[in-house]
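Chemist: Attaching a predicted model along with its sequence, questions to come.
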Amino acid sequence: MSTTQSSQINTTNGGGTSNAGNVSVIQAALSISTSSLVNATQSNSYQATLTASGGTQPYKWSRVAMGLPNGLSLSESGVISGVPLQAGTWNFTVGVTDSSGASVTRMLSIVVTADPRFI
């Protein structure tokens, strides 16, 4: 849902004529733009940045449900990083909250492929 803020403005031209009017600013609803993540490789460094749009910045990210692969973590700035320790597919839900308190969530997955050295 978007929000609308209205303000009344007064303008005066060079001839001294004044006009009053209203200005409306429509703010887009907060949403998570990231829809998929690149694959990771077991025992190798990984980093991905989540993105959001709308709402009022700054954003604060969190993991809402289920876990990231062991060895990875999510920062409040939306960066998933670390060294995944196990191969597999990991499903989890992230959330983002904007500075006005609006929040949304999205389920994401990371596929961690086996390190060929361990196969």
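Modeler: On my side now, so go ahead. Numbers count the residues shown, from 1 in each chain.

Chemist: Could you look up the SS state of the residue of the chain most remote from its centre?
Modeler: Most distant from the centre of the chain: residue 15, at 48.7 Å, with distances by CA atoms, centre = their mean. Per DSSP: H, G, I helix; E, B strand; the rest coil, the secondary structure class of residue 15 is coil.

Chemist: neighbouring strands for whichever helix or strand residue 96 is part of, and are they parallel or not?
Modeler: Following DSSP states H and E, the helix or strand that holds residue 96 is strand 88-97. Note on strand 88-97: by DSSP bridges, its sheet partners are strand 60-65 (antiparallel), strand 103-113 (antiparallel).

Chemist: Buried residues of it, list them for me.
Modeler: By 16 or more other CB atoms under 10 Å, the buried positions in strand 88-97 come out as 90, 92, 94, 95, 96, 97. (Glycine included, C-beta is placed from N, CA and C.)

Chemist: how about it as CSV, C-alpha atoms only?
Modeler: The C-alpha coordinates for strand 88-97 follow below in CSV (Å, rounded to 0.1, in the frame of the first residue of the first chain):
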residue,chain,number,x,y,z
GLY,A,88,22.1,-28.4,0.3
THR,A,89,19.2,-26.1,-0.4
TRP,A,90,18.3,-23.7,2.3
ASN,A,91,14.9,-22.0,2.5
PHE,A,92,14.4,-19.0,4.8
THR,A,93,12.3,-15.9,5.2
VAL,A,94,13.8,-12.4,5.5
GLY,A,95,12.1,-9.3,6.6
VAL,A,96,12.8,-5.6,6.1
THR,A,97,11.5,-2.7,8.2
